[in-house]
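**Student:** coords please:
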Amino acid sequence: MVRMGFNLHPAFRGTGGRVEHVAGDLRHIRVRLPLGWRTKNIVGSLYGGSLFAITDGAHPMMLMAALGEDFIVWDKSASIRYRKPGYTTLYADFTLPDEELASIRRTLEAQPDLERTFTVELKDAHGTVYTVVERTVYIAHKTHYRQRTGGGDR
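**Tutor:** Okay, the predicted model is just below:
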């Protein structure tokens with residue numbers, strides 16, 4: 001259902017990317033970005049906007065599922081580094097390892113909010129890295145977030 005939801009969502013669908021795999025525990029997601037007429041730029045390589053856009057939303061969704069309803073998770077910032085032009089299908093693997101989740105939980109026990117930066121490499125089928133995206137995510141207890149912003153979850 002999660003895979004289908006991502007793939008049918010208009011904002012994600014417009015990127016040209018497709019979610020290939022979602023682990024049952026939502027701790028791993030794999031996205032494929034094929035080179036095609038919808039994803040090609042003026043010089044024939046993968047469009048930078050598509051490379052960047054396919055990395056949007058995966059980690060926050062994974063964290064929300066892992067942490068539960070008592071927490072709010074937002075994308076805070078992001079950056080992209082192009083290593084080489086992509087003239088082939090690229091893949092992005094998003095993971096939330098047990099150690100990372102345990103560290104986040106420990107930190108949230110000691111303080112009401114935190115930021116975490118996740119690095120995602122976009123690679124070809126042989127493992128060659130073409131693009132590196134870093135996404136910083138804000139995570140907070142909902143009660144703290146509401147007090148801080150004076151409002152609801154949204």
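
**Student:** and the closest residue to residue 89 other than its chain neighbours, how many residues sit next to it?
**Tutor:** Spatial nearest neighbour of residue 89, chain neighbours left out: residue 34 (4.5 Å); criterion: C-beta to C-beta, 6 or more residues apart in numbering. (C-beta placed from N, C-alpha, C; glycine too.) Per other C-beta atoms under 10 Å, the neighbour tally for residue 34 reads 15.

**Student:** same question, the one 3 residues further on
**Tutor:** Counted with other C-beta under 10 Å, the neighbours of residue 37 add up to 6.

**Student:** where's it relative to residue 130, distance?
**Tutor:** To residue 130, residue 37 is 19 Å away according to C-beta to C-beta, to the nearest Å.

**Student:** Could you do residue 30 as well?
**Tutor:** In terms of C-beta to C-beta, residue 30 sits 16 Å off from residue 130.

**Student:** the more surrounded of those two?
**Tutor:** Remark: of residue 30 and residue 130, residue 130 carries more neighbours, 21 against 17, as counted by other C-beta under 10 Å.

**Student:** pLDDT score for the more buried one?
**Tutor:** Reported pLDDT at residue 130 in the predicted model: 98.

**Student:** list the contacts for it?
**Tutor:** Residue 130 sits next to 46, 51, 82-86, 90, 122-124 when contact means C-beta atoms under 8 Å, 6 or more residues apart in numbering.

**Student:** Please convert the buried members of these into PyMOL selection syntax.
**Tutor:** Listed next is the PyMOL selection for buried residues among the contacts of residue 130, using 16 or more other C-beta atoms under 10 Å:
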select buried, resi 46+51+82+86+90+122+123
